[in-house]
Every structure is written in C-alpha cells, then in structure tokens.
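Visitor: Okay, here's the prediction I keep looking at, along with the sequence it came from:
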Amino acid sequence: MNVIALFVQAGSGSQVETIAETFGVDWPHLTAQIVSFSIVCALLYWLAYKPVLRMLAIRREQIAQGVANTEKINAALAAVERDRQQVLADARAEAARIVGDARDVARKINERETARAMVAAEQIAAKARDAAVQEHARMLADLRREVGRLVVQTTAAVAGKVLTTDDQKRLAEETARRLASS
C-alpha cells in the first residue's frame, strides 16, 4: 500500500521525485524495462507456458485413458478368471464322472471275472471229484483182484493142493461178493 501511496503522491509533488532521485530511479529506463519485461512475459506465456499447459492436458488425457484401459483390462481379467474357474469346475465334474464310470466298469469286470473264476473252480472241483471217484473205483477193483489172488494162494497153501482155474475163479467171485456186501 505504501507503494501505491507513493505513486499517488508522485503526481502531487516532489517527495516521490526526491525518493526516486535518492535511489537512482531513471523513469525512462524503468518504463523501458517494464515494457521489455511485459513483452518477455507475454512471449514466455505464448511460447512456453501454453505449450506446457497443452502438453500437461494431453498427458492428463493419456493418464485418464490409461486408467480407463486399466479398468477395462481388470474387468476382462476378472471375466477370464471367472471363465477359468468355470472351466476348472466343469473339468473336475467331468473327471469325477469319468472316474465313477471307470469304477463301475471295473466293478462289473471284477464281478464277471469272479463269476468266471467260480465256474472254473467248480469245474476243476467236479473234475477232481470225478477223478477221485474213478481212482477209488480203480483202486477197489485192484484191491478185489489182489484180495482174490491172495485168497486163492492162501487157500491153495492151506488146502495143500493146486486149485484149478474154475476153483480159483469161483473163490475170487465169492470173495468179491463178500467184499462188495460189506
């Protein structure tokens, strides 16, 4: 405010002039410097400050566009993640179904093979029983012959005579009948 007061008083008198002379103010040079400074300020404003402001505005737009793109990318990533989770869930369900089907097939095959093994085991057991029955019958026949032969030998030795073929045959048949009945 003091400066304004000094300018107001400058028109009225010598006090401002005295102060200006004391400090060595040269009014024509001061005015030229003010005009030069104003021109430099106007040039800097138009040639430097405005392009910088334009560049900052462009940069602000690019940043805003980058933020918008980032939001779009984040939304797309979220959608991709949801799709990935859905695909994984579907794959898990499909895998569980396939494993279940495989277990069912394995169980059926196991049951079928068990039944085949049981039939084969029964056939083997039946063959073994038949073989045992045949072997038993063969052994009994061999035993009867051997017992008949021993009876004939024993009878011949006890009787002291040689038995004829008819006697041997009769004794063998009689011994076989007695063995069969007992």
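Guide: Structure received.
Visitor: any low-confidence regions in this structure?
Guide: Counting by pLDDT under 70, the ranges of the chain that qualify are 1-13, 156-163, 182.
Visitor: can we see that at 50?
Guide: 1, 4-6, 8-10 (pLDDT under 50).
Visitor: Report the distance from the longest helix along it to the chain centre.
Guide: Secondary structure of the chain per DSSP state H: the longest helix is helix 50-159. Offset of helix 50-159 from its chain centre (CA atoms, centre = their mean, to the nearest Å): 19 Å.
Visitor: Can you list the helices and strands that it packs against?
Guide: helix 165-181 (3 or more CB pairs under 8 Å, 6 or more residues apart in numbering; DSSP states H and E). Glycine gets a C-beta too; all of them are placed from N, C-alpha and C.
Visitor: buried stuff in the helix it packs on?
Guide: Q168, L171, A172, T175, A176 (16 or more other CB atoms under 10 Å).
Visitor: Same question for stretch 14-34.
Guide: So for stretch 14-34, counting by 16+ other CB under 10 Å, buried means V16, A20.
Visitor: how long is it from one end to the other?
Guide: End-to-end distance of stretch 14-34 (CA to CA, to the nearest Å): 23 Å.
Visitor: Can you give the distance from it to the centre of its chain?
Guide: 90 Å.
Visitor: before we move on, what about stretch 29-44?
Guide: 77 Å.
Visitor: next one: phi and psi at V25?
Guide: Main-chain torsions, V25, degrees, to the nearest 10: phi -80, psi 130.
Visitor: any idea how far the most centrally placed residue in the chain is from I98?
Guide: Using CA atoms, centre = their mean, the residue of the chain that lies closest to the mean C-alpha position is R92, 7.7 Å off. For R92, the distance to I98 equals 11 Å [CB to CB, to the nearest Å].
Visitor: Also A79?
Guide: Counting by CB to CB, the gap from A79 to I98 is 28 Å.
Visitor: so Q15 is in which element?
Guide: Element membership of Q15, judged by DSSP states H and E, is helix 14-23.
Visitor: who touches the next helix or strand after that helix?
Guide: Using DSSP H and E, the helix or strand that directly follows helix 14-23 along the chain is helix 27-44. Contacts of helix 27-44 with the rest of the structure, by CB atoms under 8 Å, 6 or more residues apart in numbering, involve A20.
Visitor: between helix 27-44 and helix 50-159, how many degrees?
Guide: 30 degrees (axes from the mean of the first three to the mean of the last three CA atoms, to 10 degrees).
Visitor: and helix 27-44 with helix 14-23, angle?
Guide: Using the same axes, to 10 degrees: helix 27-44 against helix 14-23 is 80 degrees.
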